[in-house]
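**Student:** Sequence isn't available, so here's the structure alone:
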């Protein structure tokens, strides 16, 4: 399930990136970057057991493309870079946490000031860890419960051209790996590191970098979604049970590339229902006791056939044990029609991660309609 979710996200990123027709001048705007991250695993919980005393190291090789303002979406976002990177991760405690490799699709937003670019880079992908929790042989590893995990990175910093074809990049990076609570234990790993990299450009011409403006419809759109996720019951190496969801949100654009949202979610936890059955609770109580309602506000970053929707909110109804009142949801959608074009109905699919603060609850697949 986790592999399929991450493969879907990778397909979403690259289908969207290639969805727009590009000009002949932009077909060779590719770069190759070699980068090194040196940092430390952050102990983010008191009951985080691994003792990581050595520094953490990530080597990364990236293939990326400089977009141009000849594409509408790129011009609206100030001509970002996009691509994917391959990573080798030395966590710093080989006996307990092992090593990892990762594949990370990303997009790098830039603000240009003379000869220096300020960067904000966001990537979500898939990692494979060589060692996981084992109740007999590796019981101190309560961070990683399964070999395959989500692999997320945020970076900010700057880059500068040191040659007509070579850029120097210096960033502060934050890397997170966890399995979305589909396998226990799942505390996850957080790395904070400094990054230094060199990017070689396979072109010596200047790309067309110019921010553009465009008109956008000002009416409010309604989004309706159904989804299924999987949630562990909190037992190490225990079973997963489905979480059924229904969602809606209203979307008000303030620009062609972004919209403010407000909506609500309903959730039904099969794991809670199973516990109530075993505990011999009466049938009429099970549905409500296994359900949650919440209200969420957010912002939807819109691309032609892709959108990234960040939401936060709180529960209106939550009858069973609370893991936190603040809900955070990160959603990625692939749309079957161009969102920049006027159209009455936009069907889409997506993936979503729900968490309480920084503790994951579940990952889900979504099917939705915008109208």
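**Tutor:** Yes, it's here. The structure displayed is predicted, hence computed values, not measured ones. Residues are numbered from 1 along each chain as shown.

**Student:** would you list every one of the helices in the chain?
**Tutor:** Remark: helices assigned in the chain by DSSP state H are 2-17, 72-76, 270-278, 283-289.

**Student:** Kindly report which one of the ones you listed carries the lowest mean pLDDT.
**Tutor:** Across the helices of the chain, helix 2-17 has the smallest mean pLDDT, namely a mean of 47.

**Student:** Against residue 357, how distant is the residue nearest the centre of the chain?
**Tutor:** Centrality entry for the chain: nearest residue to the mean C-alpha point is residue 124, 4.4 Å, by CA atoms, centre = their mean. Going from residue 124 to residue 357 by CB to CB, to the nearest Å gives 19 Å. Any C-beta I mention is one placed from the backbone N, CA and C, and that applies to glycine too.

**Student:** Over to residue 371?
**Tutor:** Taking CB to CB, one finds residue 371 at 33 Å from residue 357.

**Student:** for residue 203, same thing?
**Tutor:** Taking CB to CB, one finds residue 203 at 44 Å from residue 357.

**Student:** Which of the two has more residues huddled nearby?
**Tutor:** Higher neighbour count among residue 203 and residue 357: residue 203, with 16 against 10, using other CB atoms under 10 Å.

**Student:** residue contacts, residue 164?
**Tutor:** The contact partners of residue 164, taken as CB atoms under 8 Å, 6 or more residues apart in numbering, are 201, 204.

**Student:** what about residue 196, neighbour count?
**Tutor:** There are 14 residues near residue 196, going by other CB under 10 Å.

**Student:** That one: what's it in contact with?
**Tutor:** 35-36, 168-170.

**Student:** Ok, residue 119 next?
**Tutor:** When the contact criterion is CB under 8 Å, 6+ apart, the partners of residue 119 are 108-110, 155-159, 169, 171.

**Student:** Now with 6 Å, please.
**Tutor:** Listed by CB atoms under 6 Å, 6 or more residues apart in numbering, the contact partners of residue 119 are 108, 110, 157.

**Student:** Neighbour-wise, give me the winner out of the residues you listed.
**Tutor:** Neighbour tally across those (other CB under 10 Å): the maximum, 22 neighbours, falls on residue 108.

**Student:** Okay, that residue and residue 168: tell me how far apart.
**Tutor:** On the measure of CB to CB, residue 108 and residue 168 end up 15 Å apart.

**Student:** again with residue 36
**Tutor:** 13 Å.

**Student:** try residue 342
**Tutor:** Separation of residue 342 from residue 168 (CB to CB): 43 Å.

**Student:** Which one of these two is surrounded by more residues?
**Tutor:** A direct count of neighbours by other CB under 10 Å for residue 342 and residue 168 places residue 168 higher, at 14 against 7.

**Student:** Could you count how many residues lie near the closest residue to that one other than its chain neighbours?
**Tutor:** Once flanking residues are discounted, residue 168 sits nearest to residue 162: 5.1 Å by CB to CB, 6 or more residues apart in numbering. When counting by other CB under 10 Å, one arrives at 11 neighbours for residue 162.

**Student:** Might you list the low-confidence residue ranges for the stretch 1-150 of the chain?
**Tutor:** Under the criterion pLDDT under 70, the flagged ranges of the stretch 1-150 of the chain are 1-27, 44-45.
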